[in-house]
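Participant: I need the structure of the sequence given here:
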Amino acid sequence: MLHLLLALALTTEPERTVQAVAETSLPGAAPALGGALWLNSREPSQSRLLCTQVGGGLTTFDLSGGKCESLPEPGAAAIAVRTGLVLDGRKVSLAAIASAAPPAISLWTVDARTGELASAGRISLDAAPEAVALSPVGPTLAIATAARIELRTLARTGALVTAAPTRTLESPGPVRSLAIDAEAGVVYFIARGKGLCRAALDGSGGPSVVSEPASDGAGIVLHAIGDGGYLLVTRPGGVQVFERGGTNRDLGSVRVADSASIDGCSGAGAISSLPDSLGAAFPRGVVALWDQDNQGSPANFKLIAWEKVAAAFRPALEGGPAISANEKARR
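Facilitator: Okay, the predicted model is just below:
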């Protein structure tokens, strides 16, 4: 019996917890649905979180959770953002928003100085999109409808952005969310009933399951740190962390717990992250995580410092707090 208890103790994953630094405030507003972080490359501390809301609408927040701008966007749901996208020889920040009625992807440019949004076109679709992703490298847009992932190549004509179809990938189940790792030539996605899956962007081979339905989360993001980094998948109340590349080994999970002033997370929904230094509150990046039950208020997003997430693991994940020479020697 003692041996059995010891074995269970050694194999049971320790509970890792972190607390949010800030949360989005939505006084009198509809619950948040999707969210994506935009990097202000000129003033990183002035980066923004773009949120879609139940019933339609698009609101932007600063990194303290304060409201910046609100725009109507009927049917808005999933959202993706890309900074530094080169189109027609010029850099642009672009937001892509999945809308169900009518089925389309709305495209918005984000002003490099102010973070303000301007309409940049609309891609009509035959079926309602479930998820959307923008590649961190190159002009690739991915759109999921049911169990199909359509890849398109972005281009710019004047003030408008267009997206020409390139190929379609199949999924083993309806797709809930997407993340593109262009450097590895892979698209990751969450398929209902199958879990975390991956497929080659060039269409070679078929999709493969990385993690079984136990990690069948609702959101996924590539948290790239140089050539390394992680895949972050939402789970009820927190995040499951997978290695980037290789076999995408499951490294474990972390839960967002209550602090004295900000409640933790419940449910599993959208997630976004930035690995950049974003000022004193987020010196090594930020994770924005959807919270279903915001202490009786509408669903919102919690902002968590990446270094706290990284430090919750042993050994610490990349991008964790700087360690002393003595600690390096001990390791």
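Participant: drop to CA atoms for contacts and neighbour counts, all remaining ones
Facilitator: Fine.
Participant: In contact with the nearest residue to Thr145 once chain neighbours are set aside, which residues?
Facilitator: The spatial neighbour of Thr145 that comes closest, neighbours along the chain excluded (C-alpha to C-alpha, 6 or more residues apart in numbering), is Pro129 at 4.6 Å. With contact set as C-alpha atoms under 8 Å, 6 or more residues apart in numbering, Pro129 has these partners: 98-100, 103-105, 143-146.
Participant: So which of those are in strands?
Facilitator: Judged by DSSP state E, the contacts of Pro129 include 98-99, 104-105, 143-145 as members of strands.
Participant: Throw those residues into JSON lines and include pLDDT and neighbour count, thanks.
Facilitator: Listed next are the ones in strands among the contacts of Pro129 as JSON lines, based on pLDDT from 0 to 100; neighbours: other C-alpha atoms under 10 Å:
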{"residue": "Ala98", "pLDDT": "95", "neighbour count": "28"}
{"residue": "Ser99", "pLDDT": "92", "neighbour count": "24"}
{"residue": "Ala104", "pLDDT": "95", "neighbour count": "22"}
{"residue": "Ile105", "pLDDT": "97", "neighbour count": "25"}
{"residue": "Ile143", "pLDDT": "98", "neighbour count": "26"}
{"residue": "Ala144", "pLDDT": "97", "neighbour count": "27"}
{"residue": "Thr145", "pLDDT": "94", "neighbour count": "19"}
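Participant: Now for this structure, the helix or strand with the poorest mean pLDDT.
Facilitator: Sorting the helices and strands of the chain by mean pLDDT, DSSP states H and E puts helix 325-330 at the bottom, at a mean of 33.
Participant: who's in contact with stretch 144-161?
Facilitator: 87-88, 107, 120-121, 127-132, 139-143, 162-178, 191.
Participant: Now do the SS call for Leu50.
Facilitator: At Leu50, secondary structure determined by DSSP: H, G, I helix; E, B strand; the rest coil is strand.
Participant: pretty sure it is touching Trp38, no?
Facilitator: Yes. Leu50 is within contact range of Trp38, at 7.3 Å (criterion: C-alpha atoms under 8 Å).
Participant: Nearest to the spatial middle of this structure, which residue is it?
Facilitator: Closest residue to the average C-alpha location of the chain: Ser272 at 2.8 Å, with C-alpha atoms, centre = their mean.
Participant: Got phi/psi on that residue?
Facilitator: phi -150, psi 160 (degrees, to the nearest 10).
Participant: Next up, the contacts around Ala184.
Facilitator: By C-alpha under 8 Å, 6+ apart, the contact set of Ala184 is Gly245.
Participant: rerun at 10 Å
Facilitator: For Ala184, the contact set (C-alpha atoms under 10 Å, 6 or more residues apart in numbering) comprises 200-201, 227, 244-246.
Participant: Just the buried ones out of these, please.
Facilitator: Using 16 or more other C-alpha atoms under 10 Å as the burial test, the contacts of Ala184 include 200-201, 244 as buried.
Participant: quick one: which of those residues sit in helices?
Facilitator: Counting by DSSP state H, the buried ones among the contacts of Ala184 place none of their members in helices.
Participant: Put together JSON lines for the residues you listed, with pLDDT and distance to Gly238 on each row.
Facilitator: Shown next, in JSON lines, are these (pLDDT from 0 to 100; distance: C-alpha to C-alpha, whole Å):
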{"residue": "Ala200", "pLDDT": "96", "distance to Gly238": "28"}
{"residue": "Leu201", "pLDDT": "96", "distance to Gly238": "29"}
{"residue": "Arg244", "pLDDT": "96", "distance to Gly238": "19"}
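Participant: Let me know the closest of these to Gly57.
Facilitator: Leu201 (31.5 Å; C-alpha to C-alpha).
Participant: how much space is there between the residue lying closest to Phe61 once chain neighbours are set aside and Thr60?
Facilitator: Counting by C-alpha to C-alpha, 6+ apart, the nearest residue to Phe61 once its immediate chain neighbours are dropped is Lys67, at 4.5 Å. Using C-alpha to C-alpha, to the nearest Å, Lys67 is found at 6 Å from Thr60.
Participant: if I look at the two, which residues touch both of them?
Facilitator: 24, 48-50.
Participant: Let me know the closest of these to Asp276.
Facilitator: After measuring the shared contacts of Lys67 and Thr60 against Asp276 - C-alpha to C-alpha - the closest member comes out as Arg48, at 12.9 Å.
Participant: my guess is the closest one contacts Arg82, does it?
Facilitator: No. Applying C-alpha atoms under 10 Å as the test, Arg48 and Arg82 come out as separate, 11.9 Å apart.
Participant: any shared contact partners between Leu50 and Trp38?
Facilitator: Joint contacts of Leu50 and Trp38 (C-alpha under 10 Å, 6+ apart) are 60, 62, 80-81, 95, 115, 272.
Participant: Report the buried members of the residues you listed.
Facilitator: For the shared contacts of Leu50 and Trp38, a neighbour count by 16+ other C-alpha under 10 Å gives the buried set as 60, 62, 80-81, 95, 115, 272.
Participant: Please consider this matter closed, and thank you.
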